[in-house]
Structure formats: structure tokens, C-alpha cells
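S.K.: Just need the structure, nothing else, for what follows:
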Amino acid sequence: MTHPYLLAAVLAYLGLVFFVAHRVGRNASNEGFFVGGRSSPWPVVAFGMIGTTLSGVTFVSVPGSVGRDGFTYFQVVLGNFAGFLAIAFVLLPIYYREHVTSIYHVLETRLGRARGIMRGIMSRAMQSPKRVVFPEGEEPKIIEAARILLDEGIAQPILLGNRAIIEQIAAGSRISMEDIEIEDPYRSGRREEYAEFLFARRQRKGMSLAEAHQRLLNGNYFGSVMVALGHADALVSGVNMHYPETIRPALQVIGAQPEVGIASGLYMLVFERHVVFLGDTTVNIDPSAEQLAQIAEGAARLVRTFGIEPHVAMLSFSNFGSVQHAETKKVARAVELLRCRNPSLMVDGEMQADTAVDERKLKTMYPFSTLTERANVLIFPNLSAGNIAYKLLNHLGGATAIGPILVGMRLPVHVLEEGAEVQDIVNMAAVAVIDAQQREPEAR
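M.R.: Residues are numbered from 1 along each chain as shown. The predicted structure is shown next:
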């Protein structure tokens, strides 16, 4: 006959296991229940082992139970643990089905949205592929990306570098170089023409003709001149160099768009339910009010090329004059300038970041705001704020980052993140193609 104490212990043990399994299931998508902020199936196992031991101890503690029934303590614990394992084999598949599936669903939704946006960009690029020059033509990832771009009909790549080296690298990776254009800055028949052009552009900035010839050995200068003279439609570079090394030649040769007046860097962050653009994240360290207005206008133009209507928030640590400080006044002044430059643009500020992305807060606490819905373009008061914010959102906020996208250049120039992968290169080239398509009606 089963002793009531033993029955109570076993029931308590089973109840504990089911309670933990229930909590695991409830917290599958809400982090924070277990140590480290992540739910896990292992508490089921841990509590089960504890319950196994306690129930065995309870059993042997009943006077005369071991001797009467002929079971040793070890046999009791072993049998009870076997029962726990049988229960665990039922519970753990339930956990994994609910918890792991929910994780993959979130990732697939987010990545699916990012892929959906990129598919739209690729489709538009394929409608009218443009010539994209890659100054780092000897980089294996660039060569692989060039093959993909040509095969998919996204762009017509031009690789800068030594032909023999490029073809050797391609052969080693079994990549066909058929129909991929290669231009060697050291041996190009255009060097004299390009040197004269570069000298004319920079002669009043201290550059001599001899120096212009020397600078053209740098692929970024050579590629920038190609774009400036219409021998290529866009430039994509930066996989093996720091950002300033890539952007400086383009600024010197091509320059900023006259209507915008300043170049800036923009990141597209794709979340599960929405897309946000952040600027300036890469170029201007401490922009003035006038420059902030130019950055915002350039960002809004780019966002429209993706088929998205921009809602711009100019960010600060103040909400509409709640703090009087030189920094907040600078942002407020930028809003005034931007409204004068572009009255049809939906823009407001200065405002804090949470206000910008909380539609309910905007409507209840600031009903006077001209932002009728949450902002999808966030303009930061300085480079520190913008750069830190996009990196935190990318790495801790779970956003998928696409960029940096160089905004405000007179002609299409786009900079890759250092160490960018092949797919990142393909994505940025597609963005560059769309940028070139948008500028077709404009005179060079």
C-alpha cells in the first residue's frame, strides 16, 4: 500500500515540474524570467533532479518503508528519476516547439522584412542596370559580388586593379570574369585626360598636375573621376579601408549636391514591424543648424527613392523648448530653416527620441506637433549621438542595418562598411544603381 507521505511527495514533485514547464512556455517570448535574461529548458531538468532527490528522501524517511517494501534508497531515486525523464521527454518537445519556433518566427519576420525591402530595391535596379565602378577590384569579395551583380542583371560592374591579379584571384575561386570590365589605373589610356580633369578641379586647393597623376594611382580618385566624367554611373568602395579614406577623394572630385550642400551618412534600420532611417551617422561631427537642415533634407530625398514618405524628427534632449540650451536651440533653428527650404516636408522638433517614435505620446502630450504619426527619419544633433544610436539599435535592439548610405553627393557615391560581406556589397551596389536611375533626368 502506498504511504500517503510518499504520494504527497511525488505529487508535489510532479506539480513543480509542470509549474516550471508552464513558466518556460509563458516566458518563451518575454525575456527575464531566468538567469541571464533568457528562458531555457534546463530549469525543468534541474527542478526535476531536485524533486527526484527530495521524493526519494521523503520515501526513505517514512519509518519502516524501506525495510518493509524491500527497496533501497538508490533504487527509489533511480526509479523516480526514470519517471522524471519520461515526463521530460514529453515536456521538452512542447517547450522547443513553442519557444524555439517563436524565436525563428521573430527572426524570419524581421529578416523577411529586410529581404522584402532589398528585393524591391533589386527589382528596381534590374529595370535599368547602371555601370558601377569598384576601386577595390582586387578584393575577392568584390570579385564575387561583381559576378552576382552581372549574372542577376542588377548592375554592370567595373573593377579597378591589375588585370592579371584580378583574373588569378577569380580563377582561384572558380569565378568567371566573362563580360566583367577591368580598368587598371596604372595602365589606363585615360590617365592623361583624368589627370587634367583632377588638376582643374583641385589646382586652387594646392594640387599640381604631377600630384594629380600620382593621386590617380589611388582607385578611389580614379573611380571618382570616372563617375564625374560619365564613364561610370556610380562608385561603391570601402570594404578594406576606413570611412574617411573612401569619402575624401569623392568629396574632392565630385562634391556635394548643390541643392543639399552637404554630404551625410544614413542607415536604414529594419525592425519587425517598421523601418527607421537614422542620420547623420558617419560624416559630420558637430553640424550647425543650417547643416542639420541640409542633412534632414537629403535624408528625406533618399527615403522617397525607396517609395517611403518621410516623417522627420529632429532629435535633442528637449521636447519643444522644455529645456533652454544652445544645443536644443540649434535643433529648433534647424527645424525652422528646413520648413522654409521645404514647406511640404513633414518635420518637427526639437524632440526627444521616445517622443519621436511614440505616436500616442505625440497625440496626447503634444497635439500641436506637425508629425501626425511616428517618425521614420531620425536626425541626430551630432555624430556621436547618431553613430552610437545606430550601433546600439543594431546590436542590442535587434534591428537589421542596411548602410551606410551616403546622402547629398552630386553624383552616386556609396561607402561600404569596413569588412562588408558579399551580400552587403551586392545590396549597396543595388542602392547605388537606384540612386543613378533617380538622377538620370538631371544634367551632369
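
S.K.: how about the helices of the stretch 201-350 of the chain, start to end?
M.R.: Using DSSP state H, counting those that start in this stretch, the helices of the stretch 201-350 of the chain run over 209-215, 219-228, 243-253, 289-305, 326-341.

S.K.: quick one: contacts for R339?
M.R.: 345, 347 (CB atoms under 8 Å, 6 or more residues apart in numbering). Yep, even glycine has a C-beta here, placed from its N, CA and C like the rest.

S.K.: please redo it, this time with the cut-off set to 10 Å
M.R.: For R339, the contacting residues are 293, 345, 347-348, 370, by CB atoms under 10 Å, 6 or more residues apart in numbering.

S.K.: Quick check: pLDDT value at M346.
M.R.: For M346, the pLDDT comes out at 96.

S.K.: Just the pLDDT for L396.
M.R.: pLDDT for L396: 88.

S.K.: Next, count neighbours for it.
M.R.: When neighbours are defined as other CB atoms under 10 Å, L396 has 8 of them.

S.K.: Then L217?
M.R.: 11.

S.K.: Equivalent analysis for E290, please.
M.R.: Neighbours around E290, by other CB under 10 Å: 16.

S.K.: how close does it sit to A212?
M.R.: Relative to A212, E290 is positioned 32 Å away (CB to CB, to the nearest Å).

S.K.: Just checking, which helix or strand of the chain averages the lowest pLDDT?
M.R.: Across the helices and strands of the chain, the lowest-confidence element by mean pLDDT, DSSP states H and E is helix 65-69, at a mean of 49.

S.K.: Got the domain ranges for this protein?
M.R.: Using automatic domain parsing, the domain ranges for the chain come out as 4-120, 129-254+423-444, 256-408.

S.K.: could you redo those as TSV and give each row distance to V415?
M.R.: Converted to TSV, the domains of the chain look like this (distance: least, CB to CB, whole Å):
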stretch	distance to V415
domain 4-120	18
domain 129-254+423-444	4
domain 256-408	5
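
S.K.: The ones you listed: lowest mean pLDDT?
M.R.: For the domains of the chain, where the average pLDDT is lowest is domain 4-120, sitting at a mean of 53.

S.K.: can I assume G255 is in contact with A263?
M.R.: Yes: the pair G255 / A263 is scored as a contact, 8.5 Å apart, by CB atoms under 10 Å.

S.K.: what touches both of these two?
M.R.: 408-410.

S.K.: secondary structure element for L378?
M.R.: strand 377-379 (DSSP states H and E).

S.K.: Strand partners (parallel or antiparallel) of that strand?
M.R.: Note on strand 377-379: by DSSP bridges, its sheet partners are strand 275-279 (parallel), strand 311-315 (parallel).

S.K.: can you dump the C-alpha coordinates of whichever helix or strand comes after it into PDB?
M.R.: Once the chain leaves strand 377-379, the next helix or strand it forms, by DSSP H and E, is helix 383-395. Coordinates of the C-alpha atoms in helix 383-395 are reproduced here as PDB (Å, rounded to 0.1, in the frame of the first residue of the first chain):
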ATOM      1  CA  LEU A 383      27.800  62.400 -35.000                       C
ATOM      2  CA  SER A 384      28.300  60.900 -31.600                       C
ATOM      3  CA  ALA A 385      24.600  60.600 -30.900                       C
ATOM      4  CA  GLY A 386      23.800  59.200 -34.300                       C
ATOM      5  CA  ASN A 387      26.700  56.700 -34.500                       C
ATOM      6  CA  ILE A 388      26.100  55.400 -31.000                       C
ATOM      7  CA  ALA A 389      22.400  55.100 -31.500                       C
ATOM      8  CA  TYR A 390      22.500  53.100 -34.800                       C
ATOM      9  CA  LYS A 391      25.100  50.700 -33.400                       C
ATOM     10  CA  LEU A 392      23.100  50.100 -30.200                       C
ATOM     11  CA  LEU A 393      19.900  49.500 -32.100                       C
ATOM     12  CA  ASN A 394      21.700  47.100 -34.500                       C
ATOM     13  CA  HIS A 395      23.400  45.100 -31.800                       C
END
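
S.K.: Given the next helix or strand after helix 383-395, what are its sheet partners and their directions?
M.R.: Past helix 383-395, further along toward the C-terminus, the next helix or strand under DSSP H and E is strand 400-407. Based on DSSP bridges, the pairing partners of strand 400-407 within the sheet are strand 264-270 (antiparallel).

S.K.: rewinding a little: of G255 and A263, which one has the most company?
M.R.: Taking other CB under 10 Å, G255 and A263 do not tie; A263 has more neighbours (25 against 16).

S.K.: Could you check how far the more buried one is from L392?
M.R.: With CB to CB as the criterion, A263 and L392 are 24 Å apart.

S.K.: again with E196
M.R.: 47 Å.

S.K.: Now A399: closest residue in space, sequence neighbours ignored.
M.R.: L269 (4.0 Å; CB to CB, 6 or more residues apart in numbering).

S.K.: just how off-centre is stretch 293-306 within its chain?
M.R.: 18 Å (CA atoms, centre = their mean, to the nearest Å).

S.K.: Check stretch 317-333 too.
M.R.: Worked out by CA atoms, centre = their mean, stretch 317-333 lies 29 Å from the chain centre.

S.K.: Same question for stretch 415-424.
M.R.: 11 Å.

S.K.: Strands of this protein, start to end?
M.R.: Secondary structure of the chain, counting by DSSP state E: strands at 130-134, 155-160, 181-183, 234-237, 264-270, 275-279, 311-315, 346-351, 377-379, 400-407, 413-415.
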